[in-house]
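S.K.: Got a sequence here, can you model it:
(2 chains)
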Amino acid sequence: MFIQLSDWQPVFISIKVAVIAVFAVTCLGLPLARLMARREFIGKDALEAVITLPLVLPPSVIGYGLLMLIGKNGLLGRLLADLNISLVFTWGAAVLASTVVSFPLMYQSAKAAFKSVDVDYEKAASTLGAGWVRIFFTITLPLAWPGILAGLVLSFARALGEFGATLMVAGNIPGRTQTIPLAIYYAVETGDNASARALVTIVTIFSFLVIFWVNRRAGRQNY
Amino acid sequence: MLLTACFIKKLWHFTLDIKLEIGRQILVLWGPSGAGKTTVLYCLAGLLRPTSGLIKLNDRVIYSSREKINVATQFRNIGFVFQHYALFPHMTVRQNVLYGLKNKKKGSDSFPDPDELLRAFGVEHLVDRYPRQISGGERQRVALARSLAVKPQLLLLDEPLSALDKDIRIVLRQELKKWHRQWQIPFVLVTHDEEEASFMGDMILTLEKGRLRPVECPAWI
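M.R.: From the prediction side, this is the model:
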């Protein structure tokens, strides 16, 4: 068979990291996107720029920034050190890196989706006695769902493919922090073409299937 | 008086100055577009906050700038029919009509039977369809049934017939009068159609650049 992989660890680590990162991105991104889609406040443009920054910055810059944050002398690093936790060179750091780089994709998709929901629906719901929580879950979220789903796919794909920042903060420890992109790079480096080929095939097929499935689901709306 | 509203709302190009009092009648707000008609409805419904003033509905103060009262839209119990109906596109006709009932405490009040309501509005055969799958006139009826399902104390209608063809418009405005007699609550209806205004209104207020003009009788009286 074409896929002959001696070590499946990178695949499992990658999926674990990407799933948790997307979960974090969703929990943080949806409320923020909802807020930014409708409210006006001072400094909104600046905040908007900061949120989108990880999309355009080189991954090495993000990696360096994260090291300054969670490193031994970093702001968060020192706090964690008091609790005897070191995040650097763990898979937790890989999750953090993936979360930061995929956040703008979720945020931008969700914001556009929330903006596309006609405010009259939300107003109508409130004249019918619904509070903002019920309006969000029964009106805004379902109507924005196709866009949010697109955000989920994009951020998942980005999280799965994260390389530069992950290498800097999580390192390349086989079986612990070595994700698929890192494993591919080092397989090629060391001349292990069979492993590289297998991983490339897996990640390509998997990405294709996810996007294919999502596109089909988005096209099948019953209203 | 069931509804008393005296308020001022500053808009960027003029100030809206509203004084109105109605009982169980249909009040028509008539005026050219841009005169602030919809803004008046939004202030009554609590979707916009007036700059200052007082709004009372059935002796309950729902807005008072002096006493710093501003009851949220969800607790005002004021029905609203939007210009393009704002039927929830992802819910069936039945789900749309039932939406408001789920917000109300059970047993606290007797609400009209939704099935009977849908029958009364002649849309009982459409309950499982989505808003996209029914005609404009049917949407209008569903929107009315939805807003009346929660037993509002006041119904606001923003150009309710403007998106419809002439034939159905004439049928529906007669139906609206009939329903108004049945429900016995004040209606405030916004329109820019003069004929519609004179047909529907027990009282007609003309709104121009934010000011209410004194009621004018037609020349033939």
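S.K.: Residues of chain B that sit close to chain A?
M.R.: B:45, B:47, B:72-80, B:82, B:84, B:86-90, B:99-100, B:103-104, B:130-132, B:146-147, B:150 (Cβ under 8 Å from any Cβ of the partner chain). In this view, the C-beta of every residue, glycine as well, is placed from N, C-alpha and C.
S.K.: what about the closest residue to A:Ser86 other than its chain neighbours, which helix or strand?
M.R.: Nearest non-adjacent residue to A:Ser86, counting by Cβ to Cβ, 6 or more residues apart in numbering or on different chains: A:Leu80, 6.8 Å away. According to DSSP states H and E, A:Leu80 maps onto helix A:75-82.
S.K.: re the thing from before, filter the residues of chain B next to chain A down to the ones in helices?
M.R.: Those of the residues of chain B next to chain A mapping onto helices are B:Ala45, B:Thr73, B:Gln74, B:Phe75, B:Arg76, B:Tyr99, B:Arg146, B:Ser147, per DSSP state H.
S.K.: Quick check: the third one touching A:Ser126?
M.R.: So the one you mean is B:Gln74. Yes: here B:Gln74 reaches A:Ser126: they are 5.0 Å apart, a contact under Cβ atoms under 8 Å.
S.K.: who's more crowded, the two?
M.R.: Just comparing B:Gln74 and A:Ser126: by other Cβ atoms under 10 Å in any protein chain shown the higher neighbour count belongs to A:Ser126, 24 against 18.
S.K.: Check which helices and strands the helix ranked longest in chain A is in contact with.
M.R.: If you go by DSSP H, chain A has its longest helix at helix A:9-38. If you count contacts as 3 or more Cβ pairs under 8 Å, 6 or more residues apart in numbering or on different chains; DSSP states H and E, helix A:9-38 packs onto helix A:44-56, helix A:91-116, helix A:141-161, helix A:180-189, helix A:193-219.
S.K.: The next helix or strand after the second one: which residues count as buried?
M.R.: Think helix A:91-116. Using DSSP H and E, the helix or strand that follows helix A:91-116 in sequence is helix A:119-127. Of the residues in helix A:119-127, A:Asp120, A:Tyr121, A:Glu122, A:Lys123, A:Ala124, A:Ala125, A:Ser126, A:Thr127 count as buried by neighbour count, 16 or more other Cβ atoms under 10 Å in any protein chain shown.
S.K.: what's A:Phe103 in contact with, if anything?
M.R.: Contact analysis of A:Phe103 by Cβ atoms under 8 Å, 6 or more residues apart in numbering or on different chains lists A:Val25, A:Leu28, A:Gly29, A:Ile51, A:Pro54, A:Ser155.
S.K.: ok, residue 86 - how many residues close by?
M.R.: Since no chain was named, I'll use chain A. By other Cβ under 10 Å, 15 other residues sit near A:Ser86.
S.K.: The chain in question should be chain B.
M.R.: The burial count for B:Ala86: 24, using other Cβ under 10 Å.
S.K.: Can you check which helix is longest in chain B?
M.R.: helix B:166-183.
S.K.: Mind listing what's buried along that one?
M.R.: Within helix B:166-183, the residues that qualify as buried by neighbour count (16+ other Cβ under 10 Å) are B:Arg169, B:Leu172, B:Arg173, B:Leu176, B:Trp179, B:His180, B:Trp183.
S.K.: And for stretch A:22-41?
M.R.: A:Val22, A:Ala24, A:Val25, A:Thr26, A:Gly29, A:Leu30, A:Leu32, A:Ala33, A:Arg34, A:Met36, A:Ala37.
S.K.: burial count for the residue nearest to A:Ala218 when sequence neighbours are not counted?
M.R.: Nearest non-adjacent residue to A:Ala218, counting by Cβ to Cβ, 6+ apart: A:Pro146, 5.0 Å away. For A:Pro146, the count of nearby residues is 17 (other Cβ under 10 Å).
S.K.: wait, doesn't A:Pro146 sit right on A:Val214?
M.R.: No: in this structure, A:Pro146 is not within contact of A:Val214 by Cβ under 8 Å, at 9.5 Å.
S.K.: residue contacts, B:Ser33?
M.R.: Contacts of B:Ser33 (Cβ under 8 Å, 6+ apart): B:His192.
S.K.: Look up phi and psi at it.
M.R.: phi -70, psi 150 (degrees, to the nearest 10).
S.K.: ok, back up a step: nearest to B:Ile62 among the buried residues of helix B:166-183?
M.R.: The shortest gap between B:Ile62 and any of the buried residues of helix B:166-183 belongs to B:Trp183, at 19.4 Å (Cβ to Cβ).
S.K.: give the contact list for the closest one.
M.R.: Neighbouring residues of B:Trp183 by Cβ under 8 Å, 6+ apart: B:Leu148, B:Leu155.
S.K.: Now do it, the pLDDT please.
M.R.: Reading off the confidence values, B:Trp183 has pLDDT 88.
S.K.: Chain neighbours aside, what residue packs nearest to B:Cys43?
M.R.: B:Pro50 (4.8 Å).
S.K.: Over to the spatially most central residue of chain B: give its phi and psi.
M.R.: The centre of chain B sits closest to B:Leu156, judged by Cα atoms, centre = their mean, with a distance of 1.2 Å. Backbone geometry at B:Leu156, expressed as degrees, to the nearest 10, gives phi -110, psi 130.
S.K.: shouldn't B:Leu20 be in contact with B:Leu2?
M.R.: No: under the criterion of Cβ under 8 Å, B:Leu20 makes no contact with B:Leu2, lying 11.4 Å away.
S.K.: so where's chain B uncertain?
M.R.: Chain B contains residues with pLDDT under 70 at B:1, B:105-109, B:209-221.
S.K.: I'd like to know which elements the helix holding A:Leu80 is packed against.
M.R.: helix A:59-70.
S.K.: Could you check how far the residue nearest to A:Ile13 when sequence neighbours are not counted is from B:Ala145?
M.R.: Using Cβ to Cβ, 6+ apart and skipping residues adjacent in sequence, the residue nearest A:Ile13 is A:Thr179, 5.4 Å away. Using Cβ to Cβ, to the nearest Å, one obtains 55 Å as the distance from A:Thr179 to B:Ala145.
S.K.: Between these two, which has more neighbouring residues?
M.R.: Neighbours per residue (other Cβ under 10 Å) separate A:Thr179 from B:Ala145, with A:Thr179 holding more: 30 against 23.
S.K.: Quick check: the gap between that one and chain B.
M.R.: Using Cβ to the nearest Cβ, to the nearest Å, one gets 38 Å for the distance from A:Thr179 to chain B.
S.K.: Give me the pLDDT for that residue.
M.R.: Looking at A:Thr179, its pLDDT stands at 94.
S.K.: and the residue nearest to A:Leu199 when sequence neighbours are not counted, how many neighbours does it have?
M.R.: Counting by Cβ to Cβ, 6+ apart, A:Ile184 is the residue found nearest to A:Leu199 once chain neighbours are left out, at 4.9 Å. By the measure other Cβ under 10 Å, the count of residues near A:Ile184 is 21.
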